[in-house]
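Novice: Build me a model:
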Amino acid sequence: MVFQGNFEAEKLMLGCILLDNSLVKQVVVQPEQMSIMYQGLLRAMLEIGGPGEVINRATLHEKLGTSHMAQLDLGEMMEGVPSVKGYKLYEKLVMNAWKRGEIRRLAEEMLMAPDEVDIRTGEDRVDVFLREAQQFGSLEAAAEEFDLRGTLDAMYEQAVKGERPSGLLTGYRDYDRLTNGHGKGQFIIDAARPSVGKTAFALNVAAGHLHMGAGADRGAGCRYSGVNQPHSSAGWFLLPEILRLPLLL
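Specialist: This next block holds a predicted model:
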């Protein structure tokens with residue numbers, strides 16, 4: 001499972017420390033609870049952050065080396081911080097993202113297990129999951145709002161039978177497996193640096209939706225509005241879908 005952290009909160013949290021080095025003494029999040037991109041940076045900050053030490057580009061370069069520093073834009077981190085007073089909030093968001101990732105990992109282990117009973121303890125796997133997930137303190141509110149056990153039992157039964165709720169599929173199997181399709185009401189942003197294939201990817205996903213059953217027979221369609229490119233370029237972007245070339249993720 002790929003850890004899906006809150007990258008923006010991580011950048012703001014680290015930016016606060018760069019602006020106010022004294023905040024390093026308040027750090028609760030561990031480097032392993034950050035995304036891989038920023039684990040080394042936080043670890044270096046914690047190692048440097050002793051009495052009288054300064055955390056800046058020079059001291060971090062000494063710890064991380066040129067190759068690691070080249071991947072980090074410390075200036076952007078600092079410029080993006082509205083106020084260092086928000087440090088606790090940013091750190092809380094980072095921690096919550098890590099907790100959600102851990103709970104998802106436990107849930108996947110439960111659903112992928114071959115037996116309904118945990119061979120280590122002899123307990124029902126749903127009970128084991130609930131007990132282990134409670135340590136992250138993220139399920140109490142949800143348990144008060146609905147029947148959590150009943151919901152998990154239903155999800156487990158669906159998984160055993162090979163059933164699962166599915167959104168609108170794209171036809172790219174690996175992508176559909178990761179996202180479970182695009183659900184109704186979702187707002188999906190395809191963001192990346194220029195000239196890496198955002199438009200081609202988005203158009204082929206849209207074409208995949210139509211190809212997988214959301215086409216004219218169901219009264220659905222797709223609108224393409226180009227800002228930086230002429231509409232005629234859409235045909236070139238759609239070649240992978242037309243030729244049914246595999247998407248590599």
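
Novice: Does the residue nearest to Asn6 when sequence neighbours are not counted belong to a helix, a strand or coil?
Specialist: Nearest residue to Asn6, sequence neighbours excluded (C-beta to C-beta, 6 or more residues apart in numbering): Ala97, at 3.9 Å. (C-beta placed from N, C-alpha, C; glycine too.) Assigned with DSSP: H, G, I helix; E, B strand; the rest coil, Ala97 falls in the helix class.

Novice: shouldn't Val128 be in contact with Ile119?
Specialist: No - using C-beta atoms under 8 Å, Val128 makes no contact with Ile119, being 10.7 Å away.

Novice: ranges for the helices of this structure?
Specialist: With DSSP state H as the criterion, the chain has helices at 7-19, 36-48, 57-64, 66-69, 74-79, 87-112, 125-134, 140-145, 148-160, 173-179, 198-209, 234-237, 239-243.

Novice: Can you tell me what sits against the fifth one?
Specialist: It stands for helix 74-79. 11-12, 14-15, 18-19, 57, 60 (C-beta atoms under 8 Å, 6 or more residues apart in numbering).

Novice: Gly171: neighbouring residues, count only.
Specialist: By other C-beta atoms under 10 Å, the residues close to Gly171 number 18.

Novice: Can you check the pLDDT for it?
Specialist: Looking at Gly171, its pLDDT is 79.

Novice: Can you verify my assumption that it contacts Leu210?
Specialist: No - if you go by C-beta under 8 Å, Gly171 and Leu210 don't touch, sitting 9.5 Å apart.

Novice: before we move on, the earlier item: using neighbour counts, trim the contacts of helix 74-79 to the buried set.
Specialist: Buried members of the contacts of helix 74-79, scored by 16 or more other C-beta atoms under 10 Å, are 11-12, 14-15, 18-19, 60.

Novice: Please tabulate the residues you listed in TSV, including the columns distance to Ala206 and pLDDT.
Specialist: Shown next, in TSV, are these (distance: C-beta to C-beta, whole Å; pLDDT from 0 to 100):
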residue	distance to Ala206	pLDDT
Lys11	30	93
Leu12	33	94
Leu14	36	95
Gly15	36	94
Leu18	40	94
Leu19	42	94
Leu60	42	92
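
Novice: Of those, just say which sits nearest to Tyr90.
Specialist: Taking C-beta to C-beta as the measure, Tyr90 sits nearest to Leu12 out of those, at 4.3 Å.

Novice: which residues does the closest one contact?
Specialist: By C-beta under 8 Å, 6+ apart, the contact set of Leu12 is 77, 80-81, 86, 90.

Novice: do Leu64 as well
Specialist: Counted by C-beta under 8 Å, 6+ apart, Leu64 has contacts 40-41, 44, 72.

Novice: Using JSON lines, lay out those residues together with pLDDT.
Specialist: JSON lines is the format used below for these (pLDDT from 0 to 100):
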{"residue": "Gly40", "pLDDT": "92"}
{"residue": "Leu41", "pLDDT": "94"}
{"residue": "Ala44", "pLDDT": "93"}
{"residue": "Leu72", "pLDDT": "87"}
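
Novice: If you rank the residues you listed by neighbours, which is first?
Specialist: Leu41 (25 neighbours).

Novice: Test my guess that that residue contacts Leu72.
Specialist: Yes - if you go by C-beta under 8 Å, Leu41 and Leu72 touch, sitting 6.2 Å apart.
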